[in-house]
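In: I would like to see how this sequence folds:
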Amino acid sequence: MVSNSTKRPASRSLFWRLLLRSLQVKRPQTALCVGVLATGAAVCSMLLNLYGGVQRKMTESFRAFGPNVIVAPRSGRAGQRDLPGLMQGPDSGRLAEISSSRPGFSAVPVLYAVMRVTAVPPDPRMPDGGEAVVAGADLRALWRMNPGWRLRRAPGQEARLSGACAVGSGLAAELGAHMGGAIELAPVRTSSGQSAGGMTFKIAAIVTTGSSQDHQVFVPLEALQRQAIAGGKVSVVEVHAPGGAKQIEGTIRRIDRLFPGAEARPVRQIVYSEGKVLGTVSRLTMALASLILVIIALCVAATMTALVLERRKDVAVMKALGADDHTLVQLFLAEGAVQGFAGGLLGFFAGALAARELALRLFAVALAPSWWVFPAIIAGTTVLAVLATVAPARIVRRIQPAIALKGA
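Out: Here you go, the predicted structure:
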């Protein structure tokens, strides 16, 4: 007498042999089904890869406009000449906490002060110098935050920004300052009413921004804090938060929780423009992908229905030999899953290649494959094929061996 434990491995082995045989017997129909799934997967893969690439490129392009979120003191107390008030500098650990969960997040603390700026040696046209806004920040981080700024650097100064300064092109023209020269900064007044001596900085770069920063001086943050007797305080924190409008709003709420004494405000023009473009592309991509999936599901269902009807005599023979309806339905569903997996695998790589060529021809941009699309396409086509096979597989239950084999 054969035990149940011996029957199970034998039945599983027979199931997989029947599955392999069913894929080999009707090769044209199987190839057609895989081809339909691969075509749909390729189009969806192309759209999703293009969307992922556009999202990355749009984020890079909007970074040229600088920060999209400004963190300022919640009190709104005005400082010198309507400059922002001061707040305690952010804890680097808290910023790292946000950055670890949001790739692409960056933040630059900035201190502003009004100081008397004089070229060294002074220009005869301005013997007493003039007043200008001085911004203290990590200069390398500030350049990365504003990639749209154009920098003209003095030879050999790239590695010595920590001990040098950068001058806006408009202010440099007014002062007669030049790269390789120097400027002296002297305080006009400080928030505490105390006075500190002047400091001299080598000019490492001339900055052209096309905005008010062309009339500012940029120095290391620590140096300006000592000069303005700011005691580790900053005026604002410039933040670039990646993502669309909803993601940026989420980052703002998180900043507000981590910095209770400050208020994060989005730069509406940048956030709105970026969110609107990405939202439009996202909706268009999802609509097209959904339409394609519906069409592919109908094609697969029709193909599998024809396949089941063609094999009704095979099903009748298996039923006559003792196979139950549950096992036969599982057989057809497994067949659909294999076809969906194969179609998704072929379609992903075909779509990624098509997206790369399309981006090169239309936008002259080389897009790398978005690998998050790979599991989405494989899982999507497999589930789609299984769902499209459910209705045809139900026909198996209605096949009667005596009727199907009559006259065979």
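
In: From here on, just use CA atoms for contacts and neighbour counts.
Out: Will do.

In: residues in contact with Gly343?
Out: Listed by C-alpha atoms under 8 Å, 6 or more residues apart in numbering, the contact set of Gly343 reads Val34, Gly35, Val36, Leu37, Ala38, Thr39, Ala41, Thr381.

In: What is the nearest of these to Pro242?
Out: Nearest to Pro242 among those: Ala41, at 28.6 Å, using C-alpha to C-alpha.

In: so when I look at that closest one, I'm seeing a helix, right?
Out: Yes - using DSSP: H, G, I helix; E, B strand; the rest coil, the assignment for Ala41 is a helix.

In: check which helix or strand covers the closest residue to it other than its chain neighbours.
Out: Of all residues not flanking Ala41 in the chain, Gly347 sits nearest, at 4.5 Å (C-alpha to C-alpha, 6 or more residues apart in numbering). Counting by DSSP states H and E, the element that carries Gly347 is helix 325-363.

In: Now the element after that helix, going C-ward?
Out: Next along from helix 325-363, by DSSP H and E: helix 373-398.

In: for that next one, which positions count as buried?
Out: If you call a residue buried by 16 or more other C-alpha atoms under 10 Å, then helix 373-398 has these buried ones: 373-374, 376-390, 392-394, 396.

In: counting contacts, what elements does that helix pack onto?
Out: Judged by 3 or more C-alpha pairs under 8 Å, 6 or more residues apart in numbering; DSSP states H and E, the packing partners of helix 373-398 are helix 27-63, helix 268-310, helix 325-363.

In: okay, those in JSON lines with mean pLDDT and distance to Ile248 next?
Out: Below are the helices and strands packed on helix 373-398 laid out as JSON lines (pLDDT from 0 to 100; distance: least, C-alpha to C-alpha, whole Å):
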{"stretch": "helix 27-63", "mean pLDDT": "78", "distance to Ile248": "12"}
{"stretch": "helix 268-310", "mean pLDDT": "75", "distance to Ile248": "8"}
{"stretch": "helix 325-363", "mean pLDDT": "85", "distance to Ile248": "27"}
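
In: In the chain, spot the strand with the most residues.
Out: Longest strand in the chain, counting residues (DSSP state E): strand 106-120.

In: any idea how the chain splits into domains?
Out: Domain ranges of the chain: 13-60+276-404, 68-266, per automatic domain parsing.

In: quick one on the thing from earlier: report the strands that pair with the helix or strand that the longest strand of the chain is followed by, each with its relative direction.
Out: Per DSSP H and E, the first helix or strand lying C-terminal to strand 106-120 is strand 130-137. Strand 130-137 pairs in its sheet with strand 106-120 (antiparallel), strand 216-220 (parallel), by DSSP bridges.

In: Val329: which of the ones you listed is closest?
Out: Going by C-alpha to C-alpha, the one of the strands paired with strand 130-137 nearest Val329 is strand 106-120, 54.0 Å.

In: Just the CA trace of the closest one, in CSV.
Out: As requested, the backbone C-alpha atoms of strand 106-120 are provided in CSV (Å, rounded to 0.1, in the frame of the first residue of the first chain):
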residue,chain,number,x,y,z
SER,A,106,21.1,68.9,1.2
ALA,A,107,21.2,71.9,3.6
VAL,A,108,23.5,74.8,4.0
PRO,A,109,23.4,77.1,7.0
VAL,A,110,24.0,80.8,6.0
LEU,A,111,24.7,83.8,8.2
TYR,A,112,24.1,87.3,6.7
ALA,A,113,25.7,90.6,8.0
VAL,A,114,26.1,94.1,6.6
MET,A,115,29.8,95.0,6.6
ARG,A,116,32.1,97.7,5.2
VAL,A,117,34.0,96.2,2.3
THR,A,118,37.2,97.7,0.9
ALA,A,119,39.5,96.4,-1.8
VAL,A,120,43.1,95.8,-0.9
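
In: Quick check: mean pLDDT of it?
Out: Mean pLDDT, strand 106-120: 88.

In: Next: stretch 223-230.
Out: Stretch 223-230 shows a mean pLDDT of 81.

In: Reformat the helices and strands packed on helix 373-398 as CSV; add distance to Ile183.
Out: Listed next are these as CSV, based on distance: least, C-alpha to C-alpha, whole Å:
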stretch, distance to Ile183
helix 27-63, 30
helix 268-310, 34
helix 325-363, 44
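
In: between those, which one is nearest to Ala177?
Out: Ala177 lies closest to helix 27-63 among the helices and strands packed on helix 373-398, at 29.4 Å (C-alpha to C-alpha).

In: Which parts of the closest one count as buried, going by neighbours?
Out: By neighbour count on 16+ other C-alpha under 10 Å, the buried set for helix 27-63 is 29-30, 33-55, 59, 62-63.

In: now Leu288: how far from Val294?
Out: Counting by C-alpha to C-alpha, to the nearest Å, the gap from Leu288 to Val294 is 10 Å.

In: Ignore what I typed, I meant Arg398.
Out: Taking C-alpha to C-alpha as the measure, Arg398 falls 27 Å from Val294.

In: which sections of the stretch 101-250 of the chain are below the confidence cut-off?
Out: 122-129, 154-162, 189-197, 244-245 (pLDDT under 70).

In: That one: strands as residue ranges?
Out: Using DSSP state E, counting those that start in this stretch, the strands of the stretch 101-250 of the chain run over 106-120, 130-137, 150-153, 164-168, 182-187, 199-208, 216-220, 233-234, 236-240.

In: Would you mind giving the ones you listed as CSV with distance to Gly85 and mean neighbour count added?
Out: Converted to CSV, those look like this (distance: least, C-alpha to C-alpha, whole Å; neighbours: other C-alpha atoms under 10 Å):
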stretch, distance to Gly85, mean neighbour count
strand 106-120, 9, 23
strand 130-137, 14, 20
strand 150-153, 29, 16
strand 164-168, 23, 25
strand 182-187, 17, 22
strand 199-208, 23, 22
strand 216-220, 18, 25
strand 233-234, 8, 22
strand 236-240, 8, 23
